[in-house]
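Student: This is a predicted model, with the sequence first.
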Amino acid sequence: MARTDRLIVALLEQLREAFNNEAKPPRGGVTGPPQLRAGDGIPALDNFGKDCALLFVNVTRRYRTTSFPEATVSTARCGAAMAVELQIGVARCSQALTHTGGLPSAEVMAAEFATQEDDADRLDAVLCRLGNAAEDADLIHDWLPTGTDVLGPEGGTVAVIAQAVFHLAR
């Protein structure tokens, strides 16, 4: 199994524990199993079940590096170690606009905000556990979280997306 594959498998396990544990459910409810998605950005939430939530993983970039976390441009094309940038996120339906186009109540907005903050905390914790476990297993040399963003509402969807870059061991 490739190093990236082993890292993704470990990531999927961490995400399942954080977002699909009925004993410690997220504030917005369990999401269902994480899905591997191509590309970055907010996935469409069409037909994702009654809970209207999607947990996802993207590999957004792979590059060579001799001075992690920067990419290396070199004529020695195959000499540098690889780094991989991962994006994990949870998208949920939003009540940011009512069906008539107005704003919902302050209570609805506060509840949605609290859900997004819980999702962000869980995503950050997943990346931290993954980084530590991957270092212990000698899958990576180092890792760096690169940010957590809240996107939307767009099309009735909000998403919390966290990103990190991992310096793969040879």
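Tutor: Received the coordinates, thanks.
Student: helices or strands next to the longest helix along the chain in the packing?
Tutor: Ranked by number of residues, the top helix in the chain under DSSP state H is helix 106-136. Packing partners of helix 106-136 (3 or more CB pairs under 8 Å, 6 or more residues apart in numbering; DSSP states H and E): helix 3-19, strand 81-93, strand 140-154, strand 157-168. Every residue, glycine included, has its C-beta placed from N, CA and C.
Student: Reformat the ones you listed as CSV; add mean neighbour count and distance to residue 107.
Tutor: Putting those into CSV (neighbours: other CB atoms under 10 Å; distance: least, CB to CB, whole Å) gives the following:
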stretch, mean neighbour count, distance to residue 107
helix 3-19, 18, 24
strand 81-93, 22, 17
strand 140-154, 16, 17
strand 157-168, 23, 17
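Student: Make CSV out of the ones you listed and add mean pLDDT and distance to residue 106.
Tutor: Shown next, in CSV, are these (pLDDT from 0 to 100; distance: least, CB to CB, whole Å):
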stretch, mean pLDDT, distance to residue 106
helix 3-19, 93, 27
strand 81-93, 92, 19
strand 140-154, 90, 16
strand 157-168, 93, 17
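Student: residues in contact with the nearest residue to residue 28 once chain neighbours are set aside?
Tutor: Nearest residue to residue 28, sequence neighbours excluded (CB to CB, 6 or more residues apart in numbering): residue 115, at 3.9 Å. By CB atoms under 8 Å, 6 or more residues apart in numbering, residue 115 lies in contact with 26-28, 92.
Student: Pull the most distant pair out of those residues.
Tutor: The distance between the two most remote of the contacts of residue 115 (CB to CB) is 10.3 Å, for 27 and 92.
Student: if I look at those two, which residues touch both of them?
Tutor: In contact with both residue 27 and residue 92: 115, 119, using CB under 8 Å, 6+ apart.
Student: how much space between residue 81 and residue 170?
Tutor: Distance, residue 81 to residue 170, by CB to CB, to the nearest Å: 6 Å.
Student: With residue 53 instead?
Tutor: Residue 53 is 38 Å from residue 170, by CB to CB.
Student: Settle it for me: which of those two has more neighbours?
Tutor: Higher neighbour count among residue 53 and residue 170: residue 53, with 22 against 7, using other CB atoms under 10 Å.
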